[in-house]
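In: All I have is the shape, not the residue letters:
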């Protein structure tokens with residue numbers, strides 16, 4: 001699946017990865033995640049995309065964003081939009097698909113393998129475009145949750161599908177570390 005000579009880039013849809021890991025009942029250790037892919041080839045970039053609620057005095061995701069920014073990730077954020085849906089419930093919208101897609105397309109000229117951490121079916125078109133440019137594409141999400149967190153057509157179009165559940169032992173946070181990091185949970189953003 002991976003070749004040590006490959007130049008690799010990670011594209012992490014933060015809200016989607018968080019939701020998949022939460023559905024599987026474990027937390028991601030982002031240091032271990034980087035180490036895991038450093039062993040697979042030449043890791044050129046690791047992008048992390050998330051929307052932030054800017055009017056909050058404290059955001060529970062801010063410590064994670066700061067840590068990622070100082071520890072090898074290129075963090076891309078934008079303000080989330082709050083709205084009230086037709087049932088009167090407060091919702092947060094923070095779609096980062098365009099930002100992720102543009103970065104992946106721009107980097108496609110210098111990488112061999114793109115690893116997309118998302119199950120969002122909208123990325124099927126990106127997978128096709130990257131493949132046409134000669135990039136191998138692996139998608140990381142899960143089918144082990146109910147319902148599965150990955151769109152079937154995205155899974156089928158990728159060169160490789162990696163179930164997040166299979167990575168738990170290598171990139172999961174140890175139980176002792178989980179209690180200390182409870183404040184770094186990412187809010188659930190509505191994708192759309």
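Out: Yes, it's here. These numbers come from a predicted model, not from an experiment. Numbers count the residues shown, from 1 in each chain.

In: any idea how far residue 21 is from residue 172?
Out: 8 Å (CB to CB, to the nearest Å). Just so you know, the C-beta spots here come from the backbone N, C-alpha and C atoms, and that holds for glycine as well.

In: of these two, who's got more company?
Out: Taking other CB atoms under 10 Å, residue 21 and residue 172 do not tie; residue 21 has more neighbours (24 against 21).

In: And the pLDDT for the residue lying closest to the more buried one once chain neighbours are set aside?
Out: Spatial nearest neighbour of residue 21, chain neighbours left out: residue 28 (5.3 Å); criterion: CB to CB, 6 or more residues apart in numbering. The model reports residue 28 with a pLDDT of 96.

In: residue contacts, residue 28?
Out: Shown in contact with residue 28 (CB atoms under 8 Å, 6 or more residues apart in numbering): 17, 18, 21, 171, 172, 173.

In: hey, what's in contact with both of residue 21 and residue 172?
Out: 27, 28.

In: Distance from the one helix or strand residue 67 maps to to the middle of the chain?
Out: Secondary structure assignment for residue 67, by DSSP states H and E: helix 62-70. Centroid separation for helix 62-70 versus its chain: 15 Å, with CA atoms, centre = their mean, to the nearest Å.

In: Low-confidence ranges, the chain, go.
Out: 55-58, 175-192 (pLDDT under 70).

In: again, only using 80
Out: By pLDDT under 80, the low-scoring segments of the chain are 53-60, 81-83, 90-94, 174-192.

In: all helices for it, in order.
Out: 14-24, 30-38, 62-70, 97-107, 124-132, 152-157, 164-171, 175-180 (DSSP state H).

In: Save those as a markdown table, and put in distance to residue 115 too.
Out: Shown next, in a markdown table, are these (distance: least, CB to CB, whole Å):
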| stretch | distance to residue 115 |
| --- | --- |
| helix 14-24 | 11 |
| helix 30-38 | 7 |
| helix 62-70 | 16 |
| helix 97-107 | 10 |
| helix 124-132 | 11 |
| helix 152-157 | 13 |
| helix 164-171 | 11 |
| helix 175-180 | 24 |
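
In: can you tell me which of these comes nearest to residue 4?
Out: Closest approach to residue 4 among the helices of the chain (CB to CB): helix 30-38, 10.8 Å.

In: Show me what that closest one is in contact with.
Out: In contact with helix 30-38 (CB under 8 Å, 6+ apart) are residues 8, 10, 43, 46, 64, 67-68, 71-73, 115, 167, 170-173.

In: The residue lying closest to residue 142 once chain neighbours are set aside: neighbour count?
Out: Spatial nearest neighbour of residue 142, excluding adjacent residues (CB to CB, 6+ apart): residue 164 at 4.4 Å. Residues near residue 164, counting by other CB under 10 Å, number 25.
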